[in-house]
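>>> Take a look and give me a structure for this.
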Amino acid sequence: MKIILLIRSYNRANYLKKTLISLFKSDLTRVNKIFIYDDKSNDKNTIKILKNIKKYNINNKNIKIINGKKNYGVNKAYIYPLKIIKSKYKKNTLIITIDNDIIMKNKWINILYDAYHK
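So this is what the prediction gives:
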């Protein structure tokens, strides 16, 4: 089973930075790819963090940033990138969505994976 993470981001640079630091410190061995969808942020600090994502990616995970063409708002900002992801990963894929203000614990993926398989 493939595990894909989708992080939705819109402005809030301080939260995004903390989210990325906690994400890349956690156990991501089961994760195949990370997508970060930026919902047309207009905050220069958020844009800078996304452009310098390699700085936070200490375990060299496969990351793709999807830049929104306009600000869709919370609901559509999940639907749009999910359509893109689902078109590439059709079968046997668990897509986990999180916002850019979540702080992850080390084994959080394993907990979700185990719960999904019960």
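>>> which residues touch stretch 74-88?
Stretch 74-88 is touched from outside by 4, 6, 8, 10, 35, 37, 39, 66, 68, 71-72, 93, 95, 97, with contacts defined as C-beta atoms under 8 Å, 6 or more residues apart in numbering. The C-beta positions use only the backbone N, C-alpha and C, and glycine is treated the same way.
>>> repeat for stretch 42-62
Contacts to stretch 42-62, defined as C-beta under 8 Å, 6+ apart, come from residues 9-14, 16-17, 20-21, 23-25, 28, 31-34, 36, 38, 41, 63, 65.
>>> Mind jotting down where the helices sit in this protein?
All helices of the chain, identified by DSSP state H, fall at 13-25, 44-51, 76-88, 108-116.
>>> would JSON lines of the ones you listed with distance to Ile102, mean neighbour count and mean pLDDT be doable?
Listed next are these as JSON lines, based on distance: least, C-beta to C-beta, whole Å; neighbours: other C-beta atoms under 10 Å; pLDDT from 0 to 100:
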{"stretch": "helix 13-25", "distance to Ile102": "6", "mean neighbour count": "18", "mean pLDDT": "93"}
{"stretch": "helix 44-51", "distance to Ile102": "15", "mean neighbour count": "15", "mean pLDDT": "93"}
{"stretch": "helix 76-88", "distance to Ile102": "14", "mean neighbour count": "15", "mean pLDDT": "90"}
{"stretch": "helix 108-116", "distance to Ile102": "9", "mean neighbour count": "14", "mean pLDDT": "90"}
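>>> Report the separation between the spatially closest residue to Lys25 that is not a sequence neighbour and Asp27.
Of all residues not flanking Lys25 in the chain, Asn106 sits nearest, at 7.1 Å (C-beta to C-beta, 6 or more residues apart in numbering). Asn106 sits at a distance of 6 Å from Asp27 (criterion: C-beta to C-beta, to the nearest Å).
>>> Let's see stretch 43-51 as PDB, backbone CA atoms only.
Extracted in PDB, the C-alpha atoms of stretch 43-51 (Å, rounded to 0.1, in the frame of the first residue of the first chain):
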ATOM      1  CA  ASP A  43       2.400  35.900   2.500                       C
ATOM      2  CA  LYS A  44       6.000  36.300   1.400                       C
ATOM      3  CA  ASN A  45       7.300  34.200   4.300                       C
ATOM      4  CA  THR A  46       5.100  31.300   3.400                       C
ATOM      5  CA  ILE A  47       6.200  31.500  -0.200                       C
ATOM      6  CA  LYS A  48       9.900  31.600   0.900                       C
ATOM      7  CA  ILE A  49       9.500  28.500   3.100                       C
ATOM      8  CA  LEU A  50       7.900  26.600   0.300                       C
ATOM      9  CA  LYS A  51      10.700  27.600  -2.100                       C
END
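>>> This completes my enquiry, with thanks.
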